[in-house]
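Colleague: Sequence and predicted structure, then a few things I'm wondering about:
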Amino acid sequence: MWYFYGFVDKMKMKWCVLVLLGLVGGGVSLSENCRGEKPRLRDCDNVCDKDGNCKIRAALLLPKNTTYDACLSVVGAVLDLAMNDSVIKNAFPPWLSVEWMKYDVTDCDAAYAVISAIDAYNDCAHVFFGPSCDFALASVARIAKFLGGTGTPLVTTGGFTFDFVKPKQTCQDEFYMLVRAGPLGFEDLAYFIIKLMDVFQWKQLLLINEPEAQVHVAGKSTCHLMMKTFANFLKKEDILYTPWDTTSDAGLNYTENLKFYLGYKYTNSDGVEQRCCTILKLIELTWEIVAVSY
Ligand SMILES: *[C@@H]1O[C@H](CO)[C@@H](O)[C@H](O)[C@H]1NC(C)=O
Ligand SMILES: *[C@@H]1O[C@H](CO)[C@@H](O)[C@H](O)[C@H]1NC(C)=O
Ligand SMILES: *[C@@H]1O[C@H](CO)[C@@H](O)[C@H](O)[C@H]1NC(C)=O
């Protein structure tokens, strides 16, 4: 899971990106909501009140627990800074203000995420920012299309698992109303590995996985979900893989398990030849890069 560190910081920064367009203009002609009914609008669902004061209420649904990369104190502070920036200030019309409401999704848990979203809905939020943990996000993103007049938009930098990347343009789509603002998903990481396999003409790999590691990135089962995504795309690309979940060790230590899982599958004569080829290729490649850079 080493490749996470690079993009986590970027991920935090992406929270500054505000995708609030389309919210303004309150009473657009709303014919049907996702339940096929005429939307029942509350007064506060409109951005502008009767006196002409216009305010977007944005709910931040994140854990207070600072174990998580995207937590209230970190993201909230970045958003405060962003809102004070002249670029953001000028992006909004002067008659429109934004109110941030913060909700603690305790330990990034799915049940707390749902109840926080319902609290936010009762407080008349027009848009949700977060949750960012995959399980918590899935629960809220499934109901966001039913909250408010014709659904409540949900913007997040999370949503790494491949299910979140599927199309979400209609009410029939599971995560309709979800907008992924993050730079990367597990699918991209899967294709990074597939590309590597391709370049070196490797045909099989051992996936060593500790399912509950890296919870600070995407909450519960981050690595498990990542493995699931990898498996999904490796299958698609006809690459052989053996999964090794390190929590089921069969009473053996790592050395013994490594012997068991690797066996001789990667060390036959073909394998050795391939490895030599690869090393030669790597050296060639390095020289090319050196040559080009001078
Ligand atoms: C924060 O979350 C981590 C990981 O879930 C947990 O181990 C820890 O106890 C939590 N801390 C607090 C103060 O709740
Ligand atoms: C934003 O600007 C206001 C007024 O200029 C100031 O009081 C506040 O401290 C600023 N907040 C941040 C996070 O810079
Ligand atoms: C693993 O177990 C084997 C056999 O019991 C033992 O010889 C070896 O030293 C152990 N390795 C480690 C790293 O503990």
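Modeller: That came in fine, so what should we check first? Everything numeric here is computed off the predicted structure, so don't read it as measured data. Residues are numbered from 1 along each chain as shown. Ligands and ions are numbered 1, 2, ... in the order given.
Colleague: CA only for contacts and neighbour counts going forward, please
Modeller: Will do.
Colleague: what does the stretch 51-200 of the chain have sitting close to ligand 1?
Modeller: Within reach of ligand 1 by C-alpha under 6 Å from any ligand atom, the stretch 51-200 of the chain has these residues: 65, 67, 107.
Colleague: among those, which ones are buried?
Modeller: 65, 107 (16 or more other C-alpha atoms under 10 Å).
Colleague: Kindly reformat the residues of the stretch 51-200 of the chain next to ligand 1 as TSV containing secondary structure and distance to residue 49.
Modeller: Listed next are these as TSV, based on DSSP: H, G, I helix; E, B strand; the rest coil; distance: C-alpha to C-alpha, whole Å:
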residue	secondary structure	distance to residue 49
65	coil	35
67	coil	39
107	helix	35
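Colleague: Save the residues of the stretch 51-200 of the chain next to ligand 1 as TSV, and put in pLDDT too.
Modeller: Shown next, in TSV, are these (pLDDT from 0 to 100):
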residue	pLDDT
65	95
67	94
107	94
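Colleague: neighbours around residue 92, how many?
Modeller: The burial count assigned to residue 92 is 13, neighbours taken as other C-alpha atoms under 10 Å.
Colleague: Kindly list the main-chain dihedrals of it?
Modeller: phi -100, psi 140 (degrees, to the nearest 10).
Colleague: going forward can the numbers begin at 46, since that is how I track them
Modeller: Renumbered: residue one is now 46, and that last one reads residue 137.
Colleague: distance of it from residue 160?
Modeller: Distance, residue 137 to residue 160, by C-alpha to C-alpha, to the nearest Å: 30 Å.
Colleague: ok, now residue 131?
Modeller: 35 Å.
Colleague: Which one of the two is surrounded by more residues?
Modeller: residue 160 (15 against 9).
Colleague: and that one, what helix or strand is that in?
Modeller: Following DSSP states H and E, one finds residue 160 within helix 155-167.
Colleague: Show me what secondary structure element comes after that helix.
Modeller: Under the assignment DSSP H and E, the closest C-terminal helix or strand after helix 155-167 is strand 172-174.
Colleague: Give me the distance from that next one to the chain's centre.
Modeller: Distance of strand 172-174 from the chain centroid (C-alpha atoms, centre = their mean, to the nearest Å) equals 15 Å.
Colleague: Over to stretch 203-216?
Modeller: Distance, centroid of stretch 203-216 to centroid of chain: 9 Å (C-alpha atoms, centre = their mean).
Colleague: Could you list the residues of this protein in contact with ligand 2?
Modeller: Residues of the chain lying near ligand 2 by C-alpha under 6 Å from any ligand atom: 125-126, 129.
Colleague: Tell me where the stretch 146-295 of the chain has strands.
Modeller: Listed in chain order, the strands of the stretch 146-295 of the chain (DSSP state E, counting those that start in this stretch) span residues 172-174, 199-201, 223-225, 249-254, 285-290.
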